[in-house]
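Peer 1: sequence first, then the predicted structure, then my questions.
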Amino acid sequence: MANTRARRLPRQDVEAIFGAFAAANPEPQGELEYVNAFTLLVAVVLSAQATDAGVNKATRGLFAIADTPEKMVALGAAGIEERIKTIGLFRGKAKNVFALSQMLIDQHGSEVPQTRQALEALPGVGRKTANVVLNIFFKQPTIAVDTHLFRVGNRTGLAAGKTPLAVELALLKVIPEPYLLHAHHWLILHGRYVCKARKPECWRCLIAEWCRYPEKTPPPKGA
């Protein structure tokens, strides 16, 4: 990640950053649509290498007829595949959704487990997916590091790391406890809409005064 890492922020600046996020958006929400823990899990599995908007478009119809593991298994892998074919890698994802639904029935009484270890044992579920479900539905203070959050952690100086896990663990060490529950959403939304990969919109960034990124972009002409 050339030219994206900044020197580490002092604690008072970290406090200021999350205080600013909290003031601007006290109750941040994820953008995936779901109706229960099971549909959230499925939506997050489907969101790998896909946009939330694209996933939502496909899952509205899917979840209308299959919002439980039993209903999803009844569709079969082919039925799931047919309903999510607008999503990238849909064939493999359909197989995973079918298999994880069957595993939930067989091993968890059709309930979504509330531990990372049990979630990661499900087909198609990695650490990031598990952390999203634990954070959004079960209100656990986890950090799910996607490409946006990985970039923001390194670029701002909040948490430098060469891997998503390194950034996750670094963030857990520096984020003040009162902000841990919502930190995941604040950072992802910030990376998605402001601290963009190719051209961060630094001129409208609410944490620019504390960010250590040395190549801040000026406002466009006429702005």
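Peer 2: Sure thing, it's come through. Model, not experiment: these values are computed from the prediction. Numbering: from 1, shown residues only.
Peer 1: what's the pLDDT at residue 88?
Peer 2: We have a pLDDT of 88 for residue 88.
Peer 1: was I right about residue 154 contacting residue 164?
Peer 2: No - counting by C-beta atoms under 8 Å, residue 154 sits too far from residue 164 to count as a contact (10.8 Å). C-beta: built from backbone N, CA, C; applies to glycine.
Peer 1: from residue 204, how far off is residue 195?
Peer 2: Look at residue 195 and residue 204: by C-beta to C-beta, to the nearest Å, they are 11 Å apart.
Peer 1: could you check which of these two is surrounded by more residues?
Peer 2: Neighbour count, other C-beta atoms under 10 Å: between residue 195 and residue 204, residue 195 has more, with 23 against 11.
Peer 1: not counting its neighbours along the chain, what's nearest the more buried one?
Peer 2: In this structure, residue 195 finds its nearest non-sequential neighbour in residue 152, 5.1 Å apart by C-beta to C-beta, 6 or more residues apart in numbering.
Peer 1: quick one: residues contacting that neighbour.
Peer 2: By C-beta atoms under 8 Å, 6 or more residues apart in numbering, residue 152 lies in contact with 158, 187, 190-191, 195.
Peer 1: which one is residue 179 nearest to, not counting chain neighbours?
Peer 2: residue 18 (4.0 Å).
Peer 1: what helix or strand is the one you found on?
Peer 2: Using DSSP states H and E, residue 18 sits in helix 11-24.
Peer 1: check which residues of whichever strand or helix holds the residue nearest to residue 195 are buried.
Peer 2: Element membership for residue 152 (DSSP H and E) is helix 147-156. For helix 147-156, a neighbour-count test (16 or more other C-beta atoms under 10 Å) marks 148-156 as buried.
Peer 1: which residues touch residue 131?
Peer 2: Residue 131 makes contacts with 116, 142-145, 168, 184, as judged by C-beta under 8 Å, 6+ apart.
Peer 1: can you list the weak-confidence ranges in the chain?
Peer 2: 1-6, 222-223 (pLDDT under 70).
Peer 1: does residue 156 touch residue 214 like I think?
Peer 2: No - here residue 156 lies out of contact with residue 214, judged by C-beta under 8 Å, at a distance of 11.2 Å.
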